[in-house]
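> give the three-dimensional model of this entry:
(one chain, ligands or ions: 1)
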Amino acid sequence: MNIAVYPGTFDPFTNGHRDLVQRAASNIFDKVYICVVENSNKNTVFSLEERVVLAKKSLENIKNIEVIPFSGLLVDFATKLNAKVILRGLRVVSDFEYEFQMSSMNKKLNNNIESIFLTPSESYAFLSSSLVKEIAQLGGDVSTFVNEDVKKALERKYK
Ligand code: PNS
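Sure thing, here's the model as predicted:
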């Protein structure tokens, strides 16, 4: 079994995340675990439970995936799940430094797990959870960027 973990804060899950999971789960891996980190060094707008629920709602109808919360070291969690691959999205040059540092450190921590990066589909190259939150907070329309449940949840947060 070719298993990958796709970790992130997902505050909140966007259509860009969904696109990446869909491509990974249908074309590359037998199973993709979407791992929602409990303690992010970012201050999240949504609680862990909310982030998990919204990721699940956004991924309805995609097979061979599972959304699970996690805390602790990612490489340890991946090992528990029998995953040999950490999957991450790489959008723009500015993502590179952070991703390079994380993948190098993860490799030091566990040499058996490889990081693999997918670039976004063209229409999602500019998309980020932070921008989506900013737009929602300022009353903009986020319906093309997130699923309907996420949109409603954002409206509730910022009303
Ligand atoms: O969506 P994000 O915030 O860019 O995701 C960051 C995440 C969750 C991938 C990263 O913070 C992480 O792996 N956290 C788990 C703790 C860990 O293993 N830290 C060492 C990473 S080198």
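> what are the buried residues along stretch 1-16?
3-16 (16 or more other CB atoms under 10 Å). Any C-beta I mention is one placed from the backbone N, CA and C, and that applies to glycine too.
> what about that stretch, how long is it end to end?
End-to-end distance of stretch 1-16 (CA to CA, to the nearest Å): 26 Å.
> one step back: keep the buried residues of stretch 1-16, but drop any that are not near the ligand.
7-9 (CB under 6 Å from any ligand atom).
> for the protein, which segments count as helices?
All helices of the chain, identified by DSSP state H, fall at 15-23, 48-58, 74-80, 93-109, 129-137, 148-158.
> need the contact partners of stretch 140-150.
12-16, 18, 54, 57-58, 127, 132, 135-136, 151, 154 (CB atoms under 8 Å, 6 or more residues apart in numbering).
> would you mind listing what in this structure touches the ligand?
With CB under 6 Å from any ligand atom as the criterion, the chain meets the ligand at residues 7-9, 37, 40, 42, 73-74, 102, 105-106.
> okay if I get these as TSV plus pLDDT?
Formatted as TSV, the residues of the chain next to the ligand follow (pLDDT from 0 to 100):
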residue	pLDDT
P7	98
G8	98
T9	97
V37	98
S40	72
K42	83
L73	97
L74	98
M102	98
M105	98
N106	98
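> which ChimeraX command selects the buried ones in the residues you listed?
With 16+ other CB under 10 Å as the criterion, this ChimeraX line picks the buried residues out of these:
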select :7,8,9,37,74,106
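> identify the bridge partners of F70.
Judged by DSSP bridges, the bridge partners of F70 are V37.
> surely it and S40 touch.
No: counting by CB atoms under 8 Å, F70 stays clear of S40, with 11.2 Å between them.
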